[in-house]
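Student: Based on what follows, work out the 3D shape:
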Amino acid sequence: MKMKIRKNILKIVATGIATGLAFSVSCWSVAASDSTNEAKAEETQEYDALQKIFLEINKETTEDKLLKLIEEHSVEYTAEEYNGTPKSRNYNIAFDSDVVLQKYAESGDSLEVSFNKEDGTILYAEYFNEASFRNALYYNYGTYWDFREDELDNTYTGYYYYKPGDTKGGITMKYDNGNSKETGYHSVSRGEEALTLN
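Tutor: The predicted structure follows:
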């Protein structure tokens, strides 16, 4: 009798182990399949010229590099200097000449890129998609709405997405004076995410 019970217990344990292994392999296959599908989705994502320019922008981007990208993608642009903090040169880039105007522009997909006028470093790049009414942002430093960092490559340097007017649900900005503010900016690790989660 004891022998029968022991055999049954061994069968149950063996069945449990086999079931557990089968379940683990199955879960791993599903996870691997999901990762593969995500990678394929990123590979098949097609970007328009403005989005391609946005994806080329990082903290090393210069005005010369931006002008080459504008020429390469055959898009319209205007450039104007502003007396902000720091003083800047802003490029408005779009498919249509009425959309690139610095003032009184028509509505449409656009990309604004701002550089420090003194040393040429990039301050930020903001892509606006009219159809989704969403923005993708690369922020480096300087004053940009709720962002107010003086140093390059700071805590907030990176990519974000947001909907204009949203002031909740994103990161909380912490300022040098001890104040903090919740924002609608959602931090992401890459430009592609800022565009696709947009």
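Student: Break the chain down into its domains, please.
Tutor: Per automatic domain parsing, the domain ranges recorded for the chain read 1-44, 49-196.
Student: What count of nearby residues applies to Gly120?
Tutor: 12 (other C-beta atoms under 10 Å). For the C-beta atoms, the positions are set from N, CA and C on the backbone; glycine is no exception.
Student: where's it, which helix or strand?
Tutor: For Gly120, there is no host helix or strand (DSSP states H and E).
Student: so of the domains of the chain, which one's packed in deepest?
Tutor: Per residue and on average, the most neighbours among the domains of the chain fall to domain 49-196, with a mean of 16 (mean count of other C-beta atoms under 10 Å).
Student: residues touching Tyr160, list them.
Tutor: 136-139, 170-171, 185-188, 194 (C-beta atoms under 8 Å, 6 or more residues apart in numbering).
Student: ok so, going back, mean pLDDT lowest for which of the domains of the chain?
Tutor: Mean pLDDT across these is lowest at domain 1-44; the value there is a mean of 49.
Student: Not counting its neighbours along the chain, what's nearest Gly108?
Tutor: In this structure, Gly108 finds its nearest non-sequential neighbour in Val99, 3.9 Å apart by C-beta to C-beta, 6 or more residues apart in numbering.
Student: what about that neighbour, helix or strand, and which?
Tutor: Using DSSP H and E, no helix or strand contains Val99.
Student: That one touches Tyr77, doesn't it?
Tutor: No: using C-beta atoms under 8 Å, Val99 is not in contact with Tyr77; the gap is 10.3 Å.
Student: Mind putting the contacts of Tyr160 into JSON lines with secondary structure and distance to Glu118?
Tutor: Below are the contacts of Tyr160 laid out as JSON lines (DSSP: H, G, I helix; E, B strand; the rest coil; distance: C-beta to C-beta, whole Å):
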{"residue": "Ala136", "secondary structure": "strand", "distance to Glu118": "27"}
{"residue": "Leu137", "secondary structure": "strand", "distance to Glu118": "22"}
{"residue": "Tyr138", "secondary structure": "strand", "distance to Glu118": "20"}
{"residue": "Tyr139", "secondary structure": "strand", "distance to Glu118": "19"}
{"residue": "Gly170", "secondary structure": "coil", "distance to Glu118": "30"}
{"residue": "Ile171", "secondary structure": "coil", "distance to Glu118": "28"}
{"residue": "Tyr185", "secondary structure": "coil", "distance to Glu118": "26"}
{"residue": "His186", "secondary structure": "strand", "distance to Glu118": "31"}
{"residue": "Ser187", "secondary structure": "strand", "distance to Glu118": "28"}
{"residue": "Val188", "secondary structure": "strand", "distance to Glu118": "30"}
{"residue": "Ala194", "secondary structure": "helix", "distance to Glu118": "27"}
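Student: where do the contact lists of Val99 and Tyr77 overlap?
Tutor: Shared contacts of Val99 and Tyr77 (C-beta under 8 Å, 6+ apart): Asn92.
Student: Thank you kindly, that will do.
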